[in-house]
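**Student:** The sequence isn't on hand, but the structure is:
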């Protein structure tokens, strides 16, 4: 319980510094969120959601001109021709994927949308986590189907396996739900807040949660029982990524760690040089890359040996996305209005995207 209380105090301080509300016409401050359909990057950054092509050119932005009542930072989700995005104005939007035109808006939430939504196409559901302690389950047409109320804000993107939904809350619990009606199958208290970092194995049998109590925890998805715990050097914000039964994640101490997904045994640890808040991205068969907070993209191979690194004039908090064989990184407070940088797998810069005038 002490761990959980400490984590929430820490997050309140983060909210006060980075996620400050709109006052006197000043926009809220946070880090941008991204999504990709494999060909286009969708970037939520302050006043706009941008659709950016694989060559770095812009297709559209929403809204067409800045609206002080609309601010976006939560990573969008793309599904069946729509881009789903939550705003800091407590409104959840569905946009036409090709044009950026608003299709509908859900206005029943009581607080900001900070976490990335999940589209479950087989159930025609879009699951939207909200800071009002609620996970909203909407149809693709914007109708509320059910909702889950937790003890604290929900920032983590849910994950699913078949007809089951799994969601992490900052109350320290992981919840297993029935997708059809939101009924609770089980809940497990991890003892510390889970911010963004819930992942699921390829076979759907295990969940992996990084916590603000400096732990990576593996759970059985059928029962919610804990399979193993690993103590990390720092708090874990970003979601672990999984390949060939190995988990890769960064933490606030600056460590990039590889663990056995089956046992939690450490394979290796690499010092990134500054806090790693974001998740990593795979570079094909070569290795993985992570954005480090103080403006450096770091790539290592699957044995933990450095491949390359590239500096960026800005801070890096956002999860990267992949466009073909390239990785796109979002920049917070980038110089010269820099918003995105795309890299080839060998670390060479492919293009940049700056804030349009």
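**Tutor:** Great, that's in hand. In this text the structure is predicted, and so the values were computed from the model without any measurement.

**Student:** and residue 278, what is it in contact with?
**Tutor:** Listed by CB atoms under 8 Å, 6 or more residues apart in numbering, the contact partners of residue 278 are 237, 238, 250, 290, 291, 316, 317, 318, 319, 320. Glycine gets a C-beta too; all of them are placed from N, C-alpha and C.

**Student:** quick one: it is in a strand?
**Tutor:** No - under DSSP: H, G, I helix; E, B strand; the rest coil, residue 278 sits outside any strand and is assigned coil.

**Student:** distance of it from residue 324?
**Tutor:** 20 Å (CB to CB, to the nearest Å).

**Student:** repeat for residue 137
**Tutor:** For residue 137, the distance to residue 324 - CB to CB - is 32 Å.

**Student:** what pairs with residue 300 across the strands?
**Tutor:** Partner residues in beta bridges with residue 300, using DSSP bridges, are residue 288, residue 306.

**Student:** residues near it, how many?
**Tutor:** Applying other CB atoms under 10 Å, we find 24 residues neighbouring residue 300.

**Student:** please begin residue numbering at 58 from this point
**Tutor:** That works, and once the first residue is 58, the last one we named lands at residue 357.

**Student:** Look up how far residue 216 lies from it.
**Tutor:** According to CB to CB, residue 357 and residue 216 sit 25 Å apart.

**Student:** Likewise for residue 255?
**Tutor:** Counting by CB to CB - residue 255 and residue 216 are separated by 6 Å.

**Student:** what do the two both touch?
**Tutor:** Counting by CB under 8 Å, 6+ apart, the residues touching both residue 255 and residue 216 are 223, 264.

**Student:** Can you pull the poorly scored residue ranges out of this protein?
**Tutor:** Where the chain drops to pLDDT under 70, the residues are 58-86.

**Student:** which of the residues in the helix or strand hosting residue 203 are buried?
**Tutor:** Element membership of residue 203, judged by DSSP states H and E, is strand 201-206. In terms of neighbour count (16 or more other CB atoms under 10 Å), strand 201-206 has its buried residues at 202, 203, 204, 205.

**Student:** Using TSV, lay out the residues you listed together with distance to residue 399.
**Tutor:** Formatted as TSV, these follow (distance: CB to CB, whole Å):
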residue	distance to residue 399
202	37
203	39
204	37
205	37
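
**Student:** circling back: specify which residue of residue 194 and residue 381 has the higher count of neighbours.
**Tutor:** residue 194 (24 against 12).

**Student:** Give the bridge partners for that one, please.
**Tutor:** With DSSP bridges as the rule, residue 194 is bridged to residue 184, residue 203.

**Student:** how about it, what does it touch?
**Tutor:** 182, 183, 184, 185, 201, 202, 203, 204, 205, 239.

**Student:** Which residue is the nearest non-sequential neighbour of residue 101?
**Tutor:** Spatially, and ignoring its direct neighbours in sequence, residue 101 is nearest to residue 129 (3.9 Å; CB to CB, 6 or more residues apart in numbering).

**Student:** I misspoke; the intended subject was residue 343.
**Tutor:** Nearest non-adjacent residue to residue 343, counting by CB to CB, 6+ apart: residue 402, 5.7 Å away.

**Student:** Please look at that neighbour and residue 345 and confirm they touch.
**Tutor:** No - taking contacts as CB atoms under 8 Å, residue 402 lies outside contact range of residue 345: 10.8 Å.

**Student:** quick one: which of those two has more around it?
**Tutor:** Ranked by neighbour count (other CB under 10 Å), residue 402 and residue 345 place residue 345 first, with 24 against 18.

**Student:** ok, the more buried one touching residue 337?
**Tutor:** Yes - contact criterion CB under 8 Å: residue 345 and residue 337 qualify, at 4.7 Å.

**Student:** anything in contact with each of the two?
**Tutor:** 298, 305.

**Student:** Out of the buried residues of strand 201-206, flag the one nearest to residue 147.
**Tutor:** Set against residue 147, the nearest of those by CB to CB is residue 204 (14.3 Å).

**Student:** show me the residues around that closest one that make contact.
**Tutor:** 191, 192, 193, 194, 239.

**Student:** Residue 267: which of those residues is nearest?
**Tutor:** Looking across these and measuring by CB to CB, the closest to residue 267 is residue 192, at 18.8 Å.
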